[in-house]
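Colleague: Just a sequence and a predicted model for now, questions to come.
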Amino acid sequence: MENKQYLLDTNILIEFVHGNRSVINRILHAGFDRCCMSVVSLQELYYGAYKAKYSKQIYFDQEMVRINMLRNRFMVLPLPEEADGYGQIKANLQQKGELIDEFDMLIGGHALAEGLTVVTDNVRHFERIPGLKIENWRVDSD
C-alpha cells in the first residue's frame, strides 16, 4: 500500500461533515493521520460560516460547530515558506486563459510544495495545475 499523504479540499471536508459515506470510508481507509487540511481551506470554511451569519445566526452557529469538529479531527497545515507555487500557478493559468478560484490555486500550490495529493470533487479545476496529484473521494471508486 502506498504511503500517500492527502490534502483534503474544502468541498471534501464539507462532504465529510455532511456524512458522505464514500468520503468517510475513503478517509477511514487512508487513515486520519494521513489526511490533513490547508489553512486555506480553514479560511474558506470560516468565510462560509460568516457569510451564513448574514442569513441567520443559527446557520453561523452550526457552521462554527462543524469547523471546530474538523479542526479537532484533521491537522491544519500552515502555508509553506516556499511561497512561489501560487504565483507560478496563477501566472501559468492566466497566460493560458484558464484561471480558477483563488482558494483552489492556493490549495494546489500548498499541495505541490508539500508533496501532497489533493482530494477534491473539483477535479476539473485542479487538473489544470501541472504536476498536481489529484483524487476524487466523493464518488465510490468501484
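Modeller: Happy to help now that I have it. Numbering: from 1, shown residues only.

Colleague: How about residues contacting the lengthiest helix in the chain?
Modeller: Secondary structure of the chain per DSSP state H: the longest helix is helix 57-73. For helix 57-73, the surrounding residues in contact (Cβ atoms under 8 Å, 6 or more residues apart in numbering) are 13, 16-17, 32, 37, 42, 45-46, 48-50, 52-53. From N, CA and C alone the C-beta is placed, and that goes for glycine too.

Colleague: If we use 10 Å, what do you get?
Modeller: 8, 10, 13-14, 16-18, 27, 32, 35, 37, 41-42, 45-46, 48-54, 56, 76 (Cβ atoms under 10 Å, 6 or more residues apart in numbering).

Colleague: Which stretches in this structure count as strands?
Modeller: For the chain, strands defined by DSSP state E occupy the ranges 6-8, 35-38, 75-77, 117-119, 134-135.

Colleague: Mind putting the ones you listed into TSV with distance to Q88 and mean neighbour count?
Modeller: TSV is the format used below for those (distance: least, Cβ to Cβ, whole Å; neighbours: other Cβ atoms under 10 Å):
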stretch	distance to Q88	mean neighbour count
strand 6-8	18	25
strand 35-38	17	24
strand 75-77	19	15
strand 117-119	16	24
strand 134-135	17	17
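
Colleague: picking that back up, which among the contacts of helix 57-73 end up buried?
Modeller: Those of the contacts of helix 57-73 that meet the buried threshold are 8, 10, 13-14, 16-17, 27, 35, 37, 41-42, 45, 48-49, 52, by 16 or more other Cβ atoms under 10 Å.

Colleague: Buried by neighbour count: which residues of stretch 61-73 qualify?
Modeller: Neighbour count says stretch 61-73 has E63, M64, R66, I67, L70 buried, by 16+ other Cβ under 10 Å.

Colleague: Over to stretch 124-142?
Modeller: Counting neighbours by 16+ other Cβ under 10 Å, one finds that the buried residues in stretch 124-142 are H125, F126, R128, I129, L132, K133, I134, E135, N136, W137, R138.
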